[in-house]
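Engineer: Please find the sequence and the predicted model below.
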Amino acid sequence: DGGITQSPKYLFRKEGQNVTLSCEQNLNHDAMYWYRQDPGQGLRLIYYSQIVNDFQKGDIAEGYSVSREKKESFPLTVTSAQKNPTAFYLCASSTGLGRYEQFFGPGTRLTVL
Amino acid sequence: KQEVTQIPAALSVPEGENLVLNCSFTDSAIYNLQWFRQDPGKGLTSLLLIQSSQREQTSGRLNASLDKSSGRSTLYIAASQPGDSATYLCAVRSDDRGSTLGRLYFGRGTQLTVWP
């Protein structure tokens, strides 16, 4: 089955802890993205990567970090510097070759206790 | 900066009605436009993709149109069913000349409820 997987589905974090959200795709897509979704706010772009070993900040990158060491994987670390990390996090990837259609994973809900 | 607006924010209709969801964007320099569906607590599912050179796309009971010059797209849902209840999001991909891939800009969505 081709697709995007995110783990875990639910994540609980104590204040002051760093946590890493996993995103893996087997669609052979070059570009990958991380979004944050809060009620009433819509989707906001955190980071995106167009190729391996390269990534760009989105609109709300402060308090987050990413890596792109493999084409298939784009993990997101939520650091203790992120003041309000409780949210629904969505990973996505895009096709290339001119079509550039975006597909999403099932999401991870992070709650800070 | 591209801004995407969706109207209405919420819509409640009886089963069987034909309905139209609206999306507008401020910068007409787009590469494509994509409509998504999101069920509560789930990821987004791609419904239709319209390239900037196209006027419309159809998939089953869904039809999406694009008027790039006026910055508008509509999603038409025919013969609505309770299973269509979800949030529908519109997103435009910027046309970043010189870059291989632009980013998507999302509207806040229209929450649709279809009651039996």
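Structural biologist: Cool, the structure landed. Residues are numbered from 1 along each chain as shown, chains lettered A, B, ... in the order given.
Engineer: Distance of the residue nearest the centre of chain A relative to A:Gly58?
Structural biologist: Nearest to the mean C-alpha position of chain A, counting by CA atoms, centre = their mean, stands A:Trp34 at 2.9 Å. Noted for A:Trp34: a distance of 8 Å to A:Gly58, by CB to CB, to the nearest Å. For the C-beta atoms, the positions are set from N, CA and C on the backbone; glycine is no exception.
Engineer: which residues are common contacts for these two?
Structural biologist: Common neighbours of A:Trp34 and A:Gly58, using CB atoms under 8 Å, 6 or more residues apart in numbering or on different chains, are A:Leu45, A:Ile46, A:Tyr47, A:Tyr48.
Engineer: ok, those residues vs B:Asp84, which is closest?
Structural biologist: Of all the shared contacts of A:Trp34 and A:Gly58, the one with the least separation from B:Asp84 (CB to CB) is A:Leu45, at 27.6 Å.
Engineer: would you say A:Ala61 is within a strand?
Structural biologist: No. If the criterion is DSSP: H, G, I helix; E, B strand; the rest coil, then A:Ala61 is coil and not within a strand.
Engineer: before we move on, back to that, enumerate every residue touching the residue nearest to the centre of chain A.
Structural biologist: A:Trp34 makes contact with A:23, A:45-48, A:58, A:64, A:66, A:74, A:76, A:89-92, according to CB under 8 Å, 6+ apart.
Engineer: again, only this time at 10 Å
Structural biologist: Neighbour list for A:Trp34: A:21, A:23, A:44-49, A:55, A:58, A:60-61, A:64, A:66, A:74-76, A:89-92, A:105 [criterion: CB atoms under 10 Å, 6 or more residues apart in numbering or on different chains].
Engineer: buried subset of those residues?
Structural biologist: Restricting the contacts of A:Trp34 to buried positions leaves A:21, A:23, A:45-49, A:55, A:58, A:61, A:64, A:66, A:74-76, A:89-92, A:105, with burial counted as 16 or more other CB atoms under 10 Å in any protein chain shown.
Engineer: Strands - which of the residues you listed land there?
Structural biologist: Using DSSP state E to define strands, the subset of these located there is A:21, A:23, A:45-49, A:55, A:64, A:66, A:76, A:89-92.
Engineer: Identify, from those residues, the entry nearest to B:Gly83.
Structural biologist: Compare each of those with B:Gly83 using CB to CB and the shortest gap goes to A:Leu90, at 22.4 Å.
Engineer: How are the strands of chain B distributed by residue range?
Structural biologist: Taking DSSP E as the test, the strands found in chain B are B:4-7, B:10-14, B:19-25, B:30-38, B:44-51, B:56-59, B:62-67, B:72-77, B:86-94, B:104-106, B:110-115.
Engineer: Tabulate those (TSV), appending mean pLDDT, distance to chain A and mean neighbour count.
Structural biologist: Written out in TSV, the entries for the strands of chain B read as follows (pLDDT from 0 to 100; distance: least, CB to the nearest CB, whole Å; neighbours: other CB atoms under 10 Å in any protein chain shown):
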stretch	mean pLDDT	distance to chain A	mean neighbour count
strand B:4-7	96	9	18
strand B:10-14	97	12	13
strand B:19-25	97	13	19
strand B:30-38	95	6	23
strand B:44-51	96	4	19
strand B:56-59	96	11	14
strand B:62-67	98	13	19
strand B:72-77	98	15	20
strand B:86-94	94	6	23
strand B:104-106	92	5	23
strand B:110-115	98	11	17
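Engineer: Throw those into JSON lines and include distance to A:Gln82, thanks.
Structural biologist: Rendered in JSON lines, the data for the strands of chain B read as follows (distance: least, CB to CB, whole Å):
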{"stretch": "strand B:4-7", "distance to A:Gln82": "25"}
{"stretch": "strand B:10-14", "distance to A:Gln82": "30"}
{"stretch": "strand B:19-25", "distance to A:Gln82": "30"}
{"stretch": "strand B:30-38", "distance to A:Gln82": "23"}
{"stretch": "strand B:44-51", "distance to A:Gln82": "23"}
{"stretch": "strand B:56-59", "distance to A:Gln82": "38"}
{"stretch": "strand B:62-67", "distance to A:Gln82": "36"}
{"stretch": "strand B:72-77", "distance to A:Gln82": "34"}
{"stretch": "strand B:86-94", "distance to A:Gln82": "24"}
{"stretch": "strand B:104-106", "distance to A:Gln82": "21"}
{"stretch": "strand B:110-115", "distance to A:Gln82": "28"}
